[in-house]
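>>> Quick one, structure for this:
(one chain, ligands or ions: 2)
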Amino acid sequence: MTITLALSKGRIYEETLPLLARAGIRLAGDADPRSLILPTENRDLRLILVRAADVPTYVQYGAADVGVAGRDLLAEHGGQGLYQPLDLGIAPCRMVVAVRGGFDYAGAVRQGARLRVATKYFHTAREHFAAKGMHADLIRLYGSMELAPLVGLADAIVDLVDTGNTLRANGLVAVEDILAVTSRLIVNPASMKLKRAAIAPLIDSLKEAARAG
Ligand code: ATP
Ligand code: PRP
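Ligands and ions are numbered 1, 2, ... in the order given. You can find the predicted model right below:
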């Protein structure tokens with residue numbers, strides 16, 4: 001009974017590996033560094049590397065039994081067909097609305113202005129502005145959102161902030177919080193049923209590892 005755990009390269013991989021190590025799970029030494037399937041020392045557990053936004057999809061369709069995904073991407077995905085049993089507390093950041101330093105966002109909202117908002121979090125942003133009763137024309141981007149207000153593509157962006165360095169470096173300020181973000185363990189419901197004997201202990205040991213971290 002093999003368990004497949006989906007991770008994204010970069011931050012999530014770097015922050016999940018120590019948790020796995022604390023749970024007694026280490027990568028097998030002989031993995032090809034370019035391979036997207038990474039065996040672990042535990043023959044019954046392998047990791048797969050996918051784009052961050054694709055982790056929920058792999059788990060939803062059962063191509064991975066479990067995965068690690070940010071709450072930002074889970075909100076965007078919708079979370080259908082996914083259990084979310086554990087907040088791992090890793091990769092903490094916030095999803096915010098940000099504008100250029102001089103832009104009067106509160107005034108624009110008060111006046112019911114129609115704002116152009118650039119983001120890769122299209123669904124989450126749409127829900128946020130709809131809940132506020134605001135008119136927002138959304139423009140879908142795939143990265144470097146901070147550039148959009150500087151070159152006149154948008155009045156505002158919806159993006160992630162951690163240290164605030166990227167916003168500051170581009171003369172932007174956060175004007176509204178949308179979501180506090182950390183990464184969660186997600187589980188395919190059918191896997192949870194059929195492979196419970198392996199997945200339940202994995203959840204328990206990751207819970208312990210996250211608490212100790
Ligand atoms: P890709 O590079 O594949 O397009 P991505 O840019 O979303 O995807 P990462 O930057 O590795 O991938 O981000 C993965 C997750 O880490 C995000 O979904 C979010 O939950 C979290 N994250 C993103 N940026 C930060 C940050 N600056 N600080 C802390 N956590 C962050
Ligand atoms: C994320 C996010 C912001 C930045 C915020 O980008 O999209 O641009 O981090 O972090 P800060 O507040 O600490 O500056 P990331 O570094 O992941 O780059 P990428 O999304 O373009 O890969």
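>>> For the residue most central in space within the chain, give me its contacts.
The chain has G70 as the residue nearest its centroid, 2.4 Å off, counting by Cα atoms, centre = their mean. Taking Cβ atoms under 8 Å, 6 or more residues apart in numbering, we find G70 in contact with 12, 52, 91, 93, 181-184. (Each C-beta comes from the backbone N, C-alpha and C, glycine too.)
>>> With V68 instead?
Going by Cβ under 8 Å, 6+ apart, V68 touches 5-8, 12, 16, 55, 88, 90, 183-186.
>>> Max pairwise distance over those: which two?
Across the contacts of V68, no pair lies farther apart than A6 and I90, at 15.0 Å, counting by Cβ to Cβ.
>>> ranges for the helices of the protein?
Under the criterion DSSP state H, helices of the chain are mapped to 11-22, 55-60, 71-77, 105-110, 122-131, 165-169, 189-194, 196-212.
>>> buried stuff in the fifth one?
When neighbours are counted by 16 or more other Cβ atoms under 10 Å, the buried residues of helix 122-131 are found to be 124-125, 128-129.
>>> Flag every residue of this protein that's near ligand 1.
The chain has residues 8, 10-12, 51-52, 70, 72-73, 91, 93, 160, 162, 181, 183 near ligand 1, with proximity defined as Cβ under 6 Å from any ligand atom.
>>> So which of those residues are in strands?
The members of the residues of the chain next to ligand 1 that map onto strands under DSSP state E are 8, 70, 91, 93, 160, 181, 183.
>>> If the nearest residue to the third one once chain neighbours are set aside is in a bridge, with which residues?
I take that to be A91. Setting aside the residues directly before and after it, A91 is nearest to S183 in space (Cβ to Cβ, 6 or more residues apart in numbering), at 4.8 Å. Judged by DSSP bridges, the bridge partners of S183 are G70, I90.
>>> Verify the contact between S183 and C93 for me.
No. With contact defined as Cβ atoms under 8 Å, S183 does not count as touching C93 (9.8 Å).
>>> of these two, who's got more company?
The residue with more neighbours, out of S183 and C93, is S183; 31 against 19, by other Cβ atoms under 10 Å.
>>> And the residue of this structure that's closest to ligand 1?
Using Cβ to the nearest ligand atom, the single residue of the chain nearest to ligand 1 is G70, 2.0 Å away.
>>> for L153, phi and psi?
phi -80, psi -30 (degrees, to the nearest 10).
>>> returning to that earlier point: please go through the ones in strands among the residues of the chain next to ligand 1 and note which also touch ligand 2.
Residues of those in contact with ligand 2 (Cβ under 6 Å from any ligand atom): L160.
>>> Could you dump the ones in strands among the residues of the chain next to ligand 1 into CSV with pLDDT added?
CSV is the format used below for those (pLDDT from 0 to 100):
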residue, pLDDT
S8, 97
G70, 98
A91, 98
C93, 98
L160, 98
V181, 98
S183, 98
